[in-house]
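*Asks:* My questions are about this predicted structure, shown below with the sequence.
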Amino acid sequence: MDDSSDSRRAAKHRFKLFVSGMSVKSGRAIENLRKICDEYLTDDYEIEIIDISRDKEQTILHQIVAIPTLIKTHPIPLRMILGDLSDKEKVLRILNISK
């Protein structure tokens, strides 16, 4: 599943969010990531949501061991966060996103 603010152009920030169906934690992670992106990256991001039950290949390729897992793929350096992304300050710091 691909959910991007504008998939016709290359987004400056790209994320892969690994979830497990629509579990409560996965739903929270999706919502929290969208809020952070809308507030701090305004229309300059792309989110790819990957359901591990449907895309086992991506799960193995990225060595996903916990759900939800967020991977920032662009810009480098690659960053990874586990959990529902509810600690906004921590997420911003790890992803190196300025307020």
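*Replies:* On my side now, so go ahead. Numbers count the residues shown, from 1 in each chain.
*Asks:* CA atoms for contacts and neighbours, from now on please.
*Replies:* Fine.
*Asks:* List the contacts of residue 71.
*Replies:* Residue 71 sits next to 15-17, 78-81 when contact means Cα atoms under 8 Å, 6 or more residues apart in numbering.
*Asks:* Of those residues, which pair is most distant in space?
*Replies:* Farthest pair in these (Cα to Cα) is 17 and 78. Separation: 13.2 Å.
*Asks:* between the two, which one's more packed in?
*Replies:* Each of residue 17 and residue 78 has its neighbours counted (other Cα atoms under 10 Å); residue 17 has more, 23 against 11.
*Asks:* Got phi/psi on the nearest residue in space to the more buried one that is not next to it in sequence?
*Replies:* Nearest in space to residue 17, with sequence neighbours left out and distances taken as Cα to Cα, 6 or more residues apart in numbering, is residue 70 at 4.4 Å. When read as degrees, to the nearest 10, the backbone of residue 70 gives phi -110, psi 130.
*Asks:* My read is that residue 70 contacts residue 15, right?
*Replies:* Yes - judged on Cα atoms under 8 Å, residue 70 makes contact with residue 15 at a distance of 6.8 Å.
*Asks:* Those two - which one has more neighbours?
*Replies:* More crowded of residue 70 and residue 15, by other Cα under 10 Å: residue 70, with 28 against 22.
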